[in-house]
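In: missing the sequence, but the structure's below:
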């Protein structure tokens, strides 16, 4: 029989130590993209492992070509589900450093927020689950199910070690549901559970023309300009009203269902406020869909960068020998990046003007993730978040992609719960990254309930 | 009475000294774009001035904010035309230096060519006129007309001093015809006179979207992507069959006349050879025109560079805050760059998608030049080139632009003769720049005839 009041009392009495411990971890400059930070990566991994071990979990580190994975597990509970908590102890780089109001690895409290690199992404959010498991242990209560932790050190830099080790550890991390807190609430005071992520298919398109740059005076008008050919191909890839033109692109798209559309329509989202926030005078997108639908549940095509020709001051009169674009398609559940690659090949083949040659470089891809919003785990999570945050969570999707999640789901065949404790404006990859102090405590409380409700 | 045989004998006897003198000038590294070369610029200007003074011309240097203009004039000849010879003593930069087979400022003879930076552009070509005027002087023959020289040191870097001084010196350079040798023959063994140059209107288009780069996962699909908006505007600016879509763009275009089209059609130009030379599998362009017509006599639209967003290795998932393109229109005679600017404004205004703002930066412009191919000066030049090169020149136009020529023509109201002694493959702005040794001598001979025939 779970004694929530004992857990609540314990959490209340340990607010300061929970904060102190997060500060300890935040002081470690574990920037995975910085190859000079090997010692810090090891220090952060050791810190996380020691913390988990102090709660009676069996721990170990899994070593590969990069920062180690920290693995821990509590005792098995026969007949009950197994939960895998995924998170990461690495952080983003801190540039531009001069825009920080305080040093990124000297955490401070400011306006009710914990300000430090990694505060929300993901040390603070990840630690809520560690603290809640420790709280059960320290209150002398037996966890009602087995928890496993898999905390990696490369999430911000490609998850290569985890990807390489995934097949090897699949049995070890076998579970019924994966819990991840590495995202955001819907808004301040409005917690959310994310039940869908978009996938991605990312390419570089390179258009090759004449063998060398040509003088545009002597040759202009007689050859296909690679930059203009690129512009034409990109333009033809999406209609003005937002329909992507790759052949068969929408065939496997999971369409929105009326209940989702109703739920999101009721969310009090203001296009006007959103546009103002982004600094644009109008929102645009696929005809027939709202802004939230376009961001969360519809596939898109975007250009991320344009390259080629003269980029300096003033003018230089050349027909560039080549031009290129970084592009991607965001995919919705059921779309397969491999299929999109074939469709893109076909499209480019039939839309390349004479006089140029187009090369497609496949940079990376990952499928979207869709969670059953009506599963029993989801119901348990709703209840836990409700109690932890004193507000009923809304069900949202997220437009971004976490390719490693799709891979773990595929490997374990488990459900996944995306429980974001952060806020959209936390600046996860920006200067002055923050995490609301009370949300840290609410996250710990919600997590402490979660083990109970998932076991029910 | 002109004694051509005395002139020819003199030129024959002075081949070595004419070459030695060109080598002297080529050894001076007068790179106008390199701000550390002030001493070399002065040295080259002094060399040219001293050479002209040695032929009995009155000389002076005109100083402004940059390398000086060298001005010289022979005695007036009442009742005869005045000729202004324009040229330049500055040269292009030498990068990439490692592609040169010999040091760029140590001229050598190789396979019948003078190889050095500036050999064809424009020290070698310009010097043909200096040598021919000196030859008349040294043979004791009186020039049959007044020649004026205006040799600048910034042609490769914007002609700013000349542009700034043009109004001030207009009276001084008053003339009936301007002679310029800074271009090419039609082909090896086939001299040409250029009777038309295209103009240019050069811009940077900057498309501004959200106030900062956005995460393309969270926001993709809901805002107009500036790079894609740019691609669409560029694409809509020209149809797939090469028609420029600015409103009224073709209104003032001087159309080709049947005699020009016949003349060029007879020129034995091979699309196949040309395409192979450029390394493209097809030539393209405005429907209804041949390749020479497209290059010489039709306006065009080209993109010179694309900028914006992520340009590094691999992929970064942003919607860039802005994107830009360097673009230009090549104009044919009668088109005015100022009018084109207005047409572009109008076009962009009506083709900008919602959610972005387009800024047009006017970088530079210049009108085209058209010479009456049937004038008496042209007839005289045809005869002089014929005798100098032992071949009848063909009449061509050139796709490039020399904005300062249009300005000088406008200031002086003079005719202009574009007598190119170079070859298309001289590599004027490339490593291993060359100038055919025999064409240097032929150019001097043609020039020595020119003064006679222009005075007739």
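Out: Done, it's in. Computed from a predicted structure; not experimentally measured.
In: how many neighbours does residue A:10 have?
Out: 18 (other Cβ atoms under 10 Å in any protein chain shown). For every residue, glycine as well, the C-beta is placed using N, CA and C.
In: can you list contacts of the host helix or strand of it?
Out: According to DSSP states H and E, residue A:10 maps onto helix A:4-13. By Cβ atoms under 8 Å, 6 or more residues apart in numbering or on different chains, the surrounding residues in contact with helix A:4-13 are A:18, A:135-136, A:138-139, A:141, A:441, A:444-445, A:448-449, A:452.
In: now swap in stretch A:36-50 and tell me
Out: A:24-25, A:28-32, A:59-61, A:67-68, A:70, A:72, A:89-90, A:130, A:151, A:153.
In: so how do I select the buried members of those in PyMOL?
Out: Typed into PyMOL, the line below selects the buried ones among those, using 16 or more other Cβ atoms under 10 Å in any protein chain shown:
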select buried, chain A and resi 25+28+29+30+31+32+59+61+67+68+70+72+89+90+130+151+153
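In: what about the contacts of stretch A:36-50, which are in strands?
Out: Counted as lying in strands by DSSP state E, out of the contacts of stretch A:36-50, are A:59-61, A:67-68, A:70, A:72, A:151.
In: shouldn't residue A:155 be in contact with residue A:88?
Out: Yes: with contact defined as Cβ atoms under 8 Å, residue A:155 counts as touching residue A:88 (3.6 Å).
In: what is in contact with the two at once?
Out: Residues touching both residue A:155 and residue A:88 (Cβ under 8 Å, 6+ apart): A:122, A:182.
In: higher neighbour count, these two?
Out: Neighbours were counted for residue A:155 and for residue A:88 using other Cβ under 10 Å; residue A:88 has more, 31 against 24.
In: enumerate every residue touching that one.
Out: Residue A:88 is in contact with A:122, A:126, A:151-156, A:182, counting by Cβ under 8 Å, 6+ apart.
In: rebuild these as TSV, extending it with pLDDT.
Out: Shown next, in TSV, are those (pLDDT from 0 to 100):
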residue	pLDDT
A:122	96
A:126	98
A:151	98
A:152	98
A:153	97
A:154	94
A:155	91
A:156	86
A:182	93
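In: now those residues in a markdown table, with distance to residue A:249?
Out: Listed next are the contacts of residue A:88 as a markdown table, based on distance: Cβ to Cβ, whole Å:
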| residue | distance to residue A:249 |
| --- | --- |
| A:122 | 33 |
| A:126 | 36 |
| A:151 | 37 |
| A:152 | 33 |
| A:153 | 37 |
| A:154 | 32 |
| A:155 | 30 |
| A:156 | 31 |
| A:182 | 29 |
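In: I'd like these laid out as a markdown table, including distance to chain B.
Out: Output for these, formatted as a markdown table (distance: Cβ to the nearest Cβ, whole Å):
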| residue | distance to chain B |
| --- | --- |
| A:122 | 16 |
| A:126 | 20 |
| A:151 | 23 |
| A:152 | 20 |
| A:153 | 20 |
| A:154 | 15 |
| A:155 | 15 |
| A:156 | 13 |
| A:182 | 13 |
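In: in chain A, which residue is most central in space?
Out: residue A:402 (4.5 Å; Cα atoms, centre = their mean).
In: now do stretch A:295-304: distance to the chain's middle.
Out: 15 Å (Cα atoms, centre = their mean, to the nearest Å).
In: again, but for stretch A:345-357
Out: With Cα atoms, centre = their mean, you get 34 Å for stretch A:345-357.
In: quick one on the thing from earlier: the residue nearest to the centre of chain A contacts residue A:369, doesn't it?
Out: Yes: contact criterion Cβ under 8 Å: residue A:402 and residue A:369 qualify, at 7.5 Å.
In: mind listing the shared neighbours of those two?
Out: Common neighbours of residue A:402 and residue A:369, counting by Cβ under 8 Å, 6+ apart, are residue A:197.
In: where does chain A have low pLDDT?
Out: Per-residue confidence for chain A (pLDDT under 70) gives these ranges: A:1.
In: what do you get if the cut-off is 50, keeping everything else the same?
Out: By pLDDT under 50, chain A has no low-scoring segment.
In: that older thread, the residue nearest to the centre of chain A - nearest residue in space that isn't next to it in sequence?
Out: The shortest distance from residue A:402 to any non-neighbouring residue, by Cβ to Cβ, 6 or more residues apart in numbering or on different chains, is to residue A:197 (6.0 Å).
In: which residues does that neighbour contact?
Out: Applying Cβ under 8 Å, 6+ apart, the residues contacting residue A:197 are A:368-369, A:397-398, A:400-402, A:405-406, A:418.
In: cutoff 10 Å now
Out: Residue A:197 is in contact with A:183, A:296, A:330-333, A:366-371, A:397-403, A:405-406, A:416, A:418, B:217, counting by Cβ atoms under 10 Å, 6 or more residues apart in numbering or on different chains.
In: ok, now residue A:312?
Out: B:305, B:307, B:326.
In: name the helix or strand for the first one, please.
Out: Pointing back at residue B:305 there. Going by DSSP H and E, residue B:305 is part of strand B:300-307.
In: show me what that strand is packed against.
Out: In terms of contact count using 3 or more Cβ pairs under 10 Å, 6 or more residues apart in numbering or on different chains; DSSP states H and E, strand B:300-307 is assigned the packing partners helix A:216-219, helix A:226-236, strand A:300-307, strand A:318-319, strand A:322-331, strand B:199-208, helix B:226-236, strand B:322-331.
In: for those, give me JSON lines that also has distance to residue A:81.
Out: Supplementary listing: those in JSON lines, determined by distance: least, Cβ to Cβ, whole Å:
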{"stretch": "helix A:216-219", "distance to residue A:81": "66"}
{"stretch": "helix A:226-236", "distance to residue A:81": "47"}
{"stretch": "strand A:300-307", "distance to residue A:81": "35"}
{"stretch": "strand A:318-319", "distance to residue A:81": "63"}
{"stretch": "strand A:322-331", "distance to residue A:81": "29"}
{"stretch": "strand B:199-208", "distance to residue A:81": "51"}
{"stretch": "helix B:226-236", "distance to residue A:81": "45"}
{"stretch": "strand B:322-331", "distance to residue A:81": "49"}
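In: ok, residue A:93 touching residue A:100?
Out: No: Residue A:93 is beyond contact range of residue A:100, at 12.0 Å (criterion: Cβ atoms under 10 Å).
In: quick one: which of the two has more around it?
Out: Neighbours of residue A:93 and residue A:100, each counted by other Cβ under 10 Å, are more numerous for residue A:100; the result is 19 against 16.
In: look up the closest residue to that one, ignoring the ones flanking it.
Out: Using Cβ to Cβ, 6+ apart, the closest residue to residue A:100 is residue A:431 (4.7 Å).
In: part of a helix, is the one you found?
Out: No: if the criterion is DSSP: H, G, I helix; E, B strand; the rest coil, then residue A:431 is coil and not within a helix.
In: for it, give its distance to chain B.
Out: 12 Å (Cβ to the nearest Cβ, to the nearest Å).
In: if I look at the residue nearest to residue A:428 when sequence neighbours are not counted, how far off is residue A:150?
Out: Closest residue to residue A:428 apart from its sequence neighbours, by Cβ to Cβ, 6+ apart: residue A:121 at 3.9 Å. With distances taken as Cβ to Cβ, to the nearest Å, residue A:121 is found 17 Å from residue A:150.
In: one more: residue A:26?
Out: Taking Cβ to Cβ, one finds residue A:26 at 21 Å from residue A:150.
In: how distant is the helix ranked longest in chain A from the center of its chain?
Out: Using DSSP state H to define each element, chain A has its longest helix at helix A:437-455. Taking Cα atoms, centre = their mean, one finds helix A:437-455 lying 21 Å from the centre of the chain it belongs to.
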